[in-house]
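Asks: Let's see this in three dimensions:
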Amino acid sequence: MSKDKYQILSDEIYQEIGGINNVESLIHCMTRLRIKIRDMSKVNMEKLKKINGVLGVVEADTLEIVLGPGVNTKVATIMNNEAGVKEGETFPETNSYQSNKSEVEKKAAEVHAAHKASLKKTWWRSALQHISAIFVPLIPAFVGAGLISGVAGILRNLLTAKVLPMSWNLGVTVLAMISSALFAYLNIYVGINTAKEFGATPGLGGIIGGIVYLPGIVAPVSIPNIFDGKPLAAGQGGIIGVLLGVWLLSYVEKFFHKHIADSVDIIFTPFLTILIMGLFTIFVIMPLAGWFSNSLVGGINWVLKVGGPISGFILGLFFLPMVMLGVHQILTPIHLEMIQKLGFTPLLPILAMAGGGQVGAAIALWVKCRKNKQLVNMIKGALPVGILGVGEPLIYGVALPLGRPFITACVGGGIGGAVVAAFGQVGSIAIGPSGVALIPLIAHNMWWAYILGLLASYVGGFIATYFWGVPKEAMLPADEADAEVKERREAEEQAYNLNMSTSGENEVKDNAKLTTQEIVAPVDGQIEELDEVEDQVFSQKMLGEGFAIIPKDGKIVAPVDGKVVSVMSTKHALTLKSTKGNLEILLHMGLDTVELKGRPFDIKVKENDIVKAGQPVAQMDIGKIKEAGKDPIVIMTITNMDDVSNFKLIATGTVKADMPVLKITSK
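Replies: Numbers count the residues shown, from 1 in each chain. Next up is the predicted model:
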C-alpha cells in the first residue's frame, strides 16, 4: 500500500531534523509544528526548507515548521503516533541514539547547542513559550465555540427582525448554550492547562480556575475585598488571576511533595495546596488581578478611543514584526480578558489587518513578478490561506525573504488598522481565526466595518508594494535574477578595486588596518598550539584555528575589539565578533567545564556588549576547576576560518594578558 502525502511529509521531516530520536516533544498550532529538538546540529535546515509541503521554517525557542492549516494537524498526529506519545509529551530516548554518537560528536554538538541556547533562552521568551503552550491547545475550541456563537448571534438578529419564525428560538438557545460551555467556564480550562505547563496536578489548577467564579456565593452572602471592603465579584481577576494563581500553586504543591512523607503525601499535599492557594486566590490574587485587568482593559479602550485611527495604524503596522518575533503570544490572555469584561476584544480586528496587508503585497508581487515562476507558484500556494487569515506562509515564504515586501505589507496592515479603529468598537467575540474567517465573529453587526478595513489593508498593501516594495531581481526569472545579482556584485567589486588602485598611499595603509589585526592573549600563562590540547574537538581544529594558554591566574580579557555575541548558560565559554574583519571568536575556559554548571566562573559582560582588547570579560577560579578534576586551559579559536587568508602565531612561551600573540589577515 502506498503512503499518503501526510505520511510522506512526516517521514521527510523526521529525516531532515535528525530522526525521531532527535525530538524531545512536538505540538502544533493552527499553521505550524512546534518541535523541541534535542540536538540542533543534526537538523539540516536547507533540506528541511526544500521539502515539498513545507512553507517555511523558523528557529525560535522551538523549531517551527510551517505547513498550513489542516496539513499540520494530520502531520503532527502521525509524528506523535510514531513516537507512541500524546501531543506535548516527551519523546522516549533510545540507546541507539546515544550509542551512535562518538565522544567527538558529543562535544562539538555541546558547543553548538550551548551557543544556540545562549542566543535565544531569555526569561521573556520563556514566558511567551509558557503562554503559547497554555493557550494553543485551546485554539480549536475557541474557533469552534466562537463560530457557533456567531451563527447564534446572526440567527437571533434575524429573529428580532422577524425574518425567521419564532419556532427557531429553541435552536438559537441551544446553539448559544453550546458555545457557552467554553466561555462560561474558560477559567477552569485555563487553570488545567496552566497546571500541566508548570508541572502541577491539572485538577488542582482547575479548582483555582473554579474558585475565581465564587461558586456557592449568592446574594446576600458575599466575600469582602480586603483592600477596599467592597464585595468580590464572580470572575474578578479573570484569566490573569488564574495564570498567576496556578503558577504559584505549582511551587506550593512541589514544596509539599518534597517535604511530606510518601505514605501521607496523597492526602496532605492536595489538601494543604488547595487550602493555602484557595485562600490566597480569594483574598489576594482576585482583588489585585481584578484591579490590574480592569486597568488593562480600560487603558486599551482609552488608547483606542483617544488615539482612534492613529492607534489603529500603529497597532496594524507593528503586528507582523511581533508575529515574526513570537511576542504576539502575550496578547492571547489580553484578548480573553477583554472578552470576559466587554463581551468582545476590539484589538483582534485591528491586528487582523496585518494579514490583509500581506495579501495585498502578495497580489502586487504576483502582478509585477509574473516572469518569476518560482515566486508566483509560492504565492499561489500561500495566498488562499492568507485570505483566510493564516499569514505565516506569506510571511516566511514570500515577503520576509524578499525584504522590502515585508515592510510594505506592514504599511498595508497599518492602513487597515486605521480604518477599523476609525469606526470604533469593532470587536471579535472569540479568538483564533483572522482574515475573512473572522467575519462571522464580529460583534454588534459591525462586520461591514471590518470588511472595509480588510479591503483597505488589501489595497494599501498592494499599492505600497507595487510602487515601492518589489526588488528588481524578483521580477526576473530565477536564473536571470541570480545572474543579475552576480553581475552587480562583480561591478561593485571592480569599482572598489579601481578605487583602491587609484587611492593614495595613506588609503592603502588604512585598508590594511581594516583587514589585518593582532589578537592579544586573553590570560597570563604558557601559550601552546591547538595540536597539543588534549581534546580532539580542539586539537583536530573542528571549531577552527587558534591557540591555547595554560593559565597562571583566572583573569580573562577580551582578545580583540568587538561585540559579545553570546555567553554560554554554563559560563564556561563566550563568543565575540571582532570590529575589524568580522572574525567570529570562541573563548573557551577549561576542558569539560560545562559539567561544572558555571560555579567556578564569573562573567563580567553580557550579550551585545561592546568590548576593547584587554578589557576584563570573565574571572575563573582555577583552584575549584582543578579540584573538580578538570583542566583549566583557556582556548581561543577563530570559527569562521573561511574568511581568513593568513593566520600566524607570533608568540611562544610565557605570555601576558593583552600581549599580541596572533596576527590575522581577513579576506
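Asks: Please, where are all the helices along the stretch 101-250 of the chain?
Replies: 103-120, 123-135, 139-160, 169-183, 186-197, 202-211, 238-259 (DSSP state H, counting those that start in this stretch).
Asks: With distance to Thr269, mean neighbour count and mean pLDDT as extra columns, can I get these in JSON lines?
Replies: Where you see a C-beta, it was placed from the backbone N, CA and C, and this is true even at glycine. Listed next are the helices of the stretch 101-250 of the chain as JSON lines, based on distance: least, C-beta to C-beta, whole Å; neighbours: other C-beta atoms under 10 Å; pLDDT from 0 to 100:
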{"stretch": "helix 103-120", "distance to Thr269": "33", "mean neighbour count": "16", "mean pLDDT": "43"}
{"stretch": "helix 123-135", "distance to Thr269": "23", "mean neighbour count": "17", "mean pLDDT": "74"}
{"stretch": "helix 139-160", "distance to Thr269": "30", "mean neighbour count": "17", "mean pLDDT": "80"}
{"stretch": "helix 169-183", "distance to Thr269": "30", "mean neighbour count": "15", "mean pLDDT": "89"}
{"stretch": "helix 186-197", "distance to Thr269": "14", "mean neighbour count": "24", "mean pLDDT": "92"}
{"stretch": "helix 202-211", "distance to Thr269": "9", "mean neighbour count": "22", "mean pLDDT": "95"}
{"stretch": "helix 238-259", "distance to Thr269": "4", "mean neighbour count": "21", "mean pLDDT": "92"}
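Asks: In CSV: the ones you listed, plus distance to Thr570.
Replies: Shown next, in CSV, are those (distance: least, C-beta to C-beta, whole Å):
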stretch, distance to Thr570
helix 103-120, 7
helix 123-135, 17
helix 139-160, 36
helix 169-183, 44
helix 186-197, 25
helix 202-211, 33
helix 238-259, 24
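Asks: And the ones you listed: which comes nearest Gln540?
Replies: Minimum separation from Gln540 across the helices of the stretch 101-250 of the chain (C-beta to C-beta) falls at helix 103-120, 7.6 Å.
Asks: Domain map for this protein?
Replies: Split into domains by automatic domain parsing, the chain comes to 5-121, 185-299, 308-470, 479-512, 516-666.
Asks: Tell me which of the helices of the stretch 101-250 of the chain sits nearest to Val564.
Replies: Of all the helices of the stretch 101-250 of the chain, helix 103-120 comes closest under C-beta to C-beta, at 10.4 Å.
Asks: picking that back up, for Gly144, which of the domains of the chain is the nearest?
Replies: Nearest of the domains of the chain to Gly144, taken as C-beta to C-beta: domain 308-470 at 8.6 Å.
Asks: which residues sit against stretch 42-51?
Replies: By C-beta atoms under 8 Å, 6 or more residues apart in numbering, the list of residues contacting stretch 42-51 from outside reads 9, 12-13, 16-19, 22, 37, 54, 56-57, 59, 63, 65, 109.
Asks: Run the chain-centre distance for that stretch.
Replies: Here stretch 42-51 shows a centroid-to-chain-centroid distance of 19 Å under the convention C-alpha atoms, centre = their mean, to the nearest Å.
Asks: Pull that stretch out as CSV, backbone CA atoms only.
Replies: Extracted in CSV, the C-alpha atoms of stretch 42-51 (Å, rounded to 0.1, in the frame of the first residue of the first chain):
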residue,chain,number,x,y,z
LYS,A,42,21.6,17.3,13.5
VAL,A,43,19.0,19.4,11.7
ASN,A,44,19.6,20.0,8.0
MET,A,45,17.9,23.4,7.7
GLU,A,46,18.5,23.8,4.0
LYS,A,47,17.0,20.4,3.0
LEU,A,48,14.1,20.9,5.5
LYS,A,49,13.1,24.2,3.9
LYS,A,50,13.1,22.5,0.4
ILE,A,51,10.7,19.7,1.4
